[in-house]
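Participant: Could you work out the structure for the sequence below:
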Amino acid sequence: MSGRVVHFEIPADDPERAVAFYGSAFGWDLNSMPGFGYTLASTGPTGDRGPTETGYINGGLLRRCDEVPSPVITIGVDDIDASLATIGELGGSTVRGKEPVGDMGFAAYAKDSEGNVLGLWQNA
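Facilitator: Residues are numbered from 1 along each chain as shown. Okay, the predicted model is just below:
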């Protein structure tokens with residue numbers, strides 16, 4: 001899985017308005033995750049382990065913040081800590097270090113050499 005785009009995130013100033021927009025504009029199935037301040041966006045048929053068809057990814061919507069000021073692509077990695085170290089060596093930086101996401105895996109945010117924020121995902 002390492003190196004593949006596995007998820008996307010869209011920040012919003014008004015998450016409820018954004019959920020209504022993306023649900024109506026594209027027919028996405030949007031499900032709020034109570035207590036997380038996050039809404040999962042299913043862009044196609046989805047099962048317990050994610051998309052059930054090839055060719056698309058799912059994502060999420062969250063309130064815009066300093067760490068996530070614009071849309072983010074999330075890249076799957078085998079080891080977030082090692083990836084953050086490599087990113088730092090290549091001129092990038094850590095925005096938010098490795099954090100658990102329930103029992104599903106771990107997430108982090110980093111900036112690339114151009115200042116773009118990207119997400120990192122490591123399966124549990």
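Participant: This structure: strands as residue ranges?
Facilitator: Taking DSSP state E, the strands of the chain run over residues 5-12, 29-33, 38-42, 46-47, 50-51, 59-63, 72-76, 93-101, 105-111, 117-123.
Participant: Show me what the last one is packed up against.
Facilitator: For strand 117-123, the helices and strands in contact under the criterion 3 or more Cβ pairs under 8 Å, 6 or more residues apart in numbering; DSSP states H and E are strand 5-12, strand 72-76, helix 80-89, strand 105-111. For the C-beta atoms, the positions are set from N, CA and C on the backbone; glycine is no exception.
Participant: Go again with 10 Å.
Facilitator: With contacts taken as 3 or more Cβ pairs under 10 Å, 6 or more residues apart in numbering; DSSP states H and E, strand 117-123 sits against strand 5-12, strand 72-76, helix 80-89, strand 93-101, strand 105-111.
Participant: and it, what's its mean pLDDT?
Facilitator: Mean pLDDT, strand 117-123: 96.
Participant: Pull out the buried positions in that strand.
Facilitator: Neighbour-count burial for strand 117-123, with 16 or more other Cβ atoms under 10 Å as criterion, is recorded at 117, 118, 119, 120, 121, 122.
Participant: Can you list the strands that it pairs with?
Facilitator: Strand pairing for strand 117-123, determined by DSSP bridges: strand 72-76 (parallel), strand 105-111 (antiparallel).
Participant: What mean pLDDT does the last one get?
Facilitator: Taken as a whole, strand 105-111 has a mean pLDDT of 96.
Participant: Equivalent analysis for the shortest one, please.
Facilitator: For strand 72-76, mean pLDDT is 97.
Participant: by how many degrees do that strand and helix 80-89 diverge?
Facilitator: Relative orientation of strand 72-76 versus helix 80-89 (axes from the mean of the first three to the mean of the last three Cα atoms, to 10 degrees): 120 degrees.
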